[in-house]
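Pasting a predicted model and its sequence here:
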Amino acid sequence: MDKEFTKDMFENVDEYLSSLDDTSSEPTTQENKDYDQDLYKKWFRSKTQSGFLSIRPWFDAMKLKIDIGKTSADGKLISSTNVFVDAIDFAAYLRSITNGSAQINYQANERMGVPTDEGFVSYGGGMIDNKPVSRIFKSHYWQSGESYDAMSFAWKCGHFQARKSDSGAFIPDMSKSLSVDMIKVTRQDICTISYKVDLALSAHAASTKEWYHV
């Protein structure tokens, strides 16, 4: 399990998690909804791993579904982990990276599990097979040994067993991971993703009256 998904960073953040979770709009079962086609999909291959990154819109809830998968040498799926992020928050993050303002707007926050500047984290959750599951997305500089490479980013999706608080937040048990997948994303990739997300959101807003009501 990714060493940066630690239990300590979730102490005393119930209120924060509750403010991010929108359980009324989360699907109740995994892969149970008819989503649109991929807005972005790219296959990756390196000396040590191969896999894919997929992004699909779910504008009924103003979210994006991010799916990271790992494949074998012969192209067979080994694992796949998907999460949901707020479409506007994620678009703002991507644009901030592309226009050079992310070091100011998205500074490192160890308490929330973001170890570098230009990082982003999203906490959410849903009921899967009638059990509460926490979904976490994280982006930060790619780590090489003990140092970070600011020219690329590690994008991570994680599912963890969780308990549902009285406020409706999904509080993860970081010692009980269900699925974790990670992939390397370059700054050039982020430029392409940001442009596509912006176009998709603009088209949705232009064709949907009061699009901000979800």
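That came through, no problem.

With adjacent residues omitted, what lies nearest to Ser79?
Using Cβ to Cβ, 6 or more residues apart in numbering and skipping the chain neighbours, the partner closest in space to Ser79 is Lys70 (4.8 Å). For every residue, glycine as well, the C-beta is placed using N, CA and C.

One more: Gly69?
Leaving aside its sequence neighbours, Gly69 sits nearest to Ser80 (Cβ to Cβ, 6+ apart; 3.9 Å).

Can you name the helix or strand that the one you found falls in?
strand 77-86 (DSSP states H and E).

what about that strand, distance to the chain center?
Relative to the chain's own centre, strand 77-86 is displaced by 8 Å; criterion: Cα atoms, centre = their mean, to the nearest Å.

cool, and stretch 169-176?
16 Å.

That stretch: which residues count as buried?
169-172, 174 (16 or more other Cβ atoms under 10 Å).

so where does Phe52 fall, helix or strand?
Assessed by DSSP H and E, Phe52 sits inside strand 50-58.

elements contacting the longest helix seen in the chain?
Using DSSP state H, we find that the single longest helix of the chain is helix 187-207. Packing contacts for helix 187-207, counted by 3 or more Cβ pairs under 8 Å, 6 or more residues apart in numbering; DSSP states H and E, involve strand 40-45, strand 50-58, helix 87-98, strand 147-164.

run the last query once more with 6 Å
Here helix 187-207 touches helix 87-98, going by 3 or more Cβ pairs under 6 Å, 6 or more residues apart in numbering; DSSP states H and E.

Can you pull up the most central residue in the protein?
Phe137 (3.1 Å; Cα atoms, centre = their mean).

Please report the number of neighbouring residues for Leu77.
11 (other Cβ atoms under 10 Å).

bridging residues for it?
Beta bridges link Leu77 to Thr71 when assigned by DSSP bridges.

By pLDDT, give me the weakest of the buried residues of stretch 169-176.
Across the set of the buried residues of stretch 169-176, Met174 stands lowest in pLDDT, at 82.

and that residue, how far is that from Gln161?
9 Å (Cβ to Cβ, to the nearest Å).
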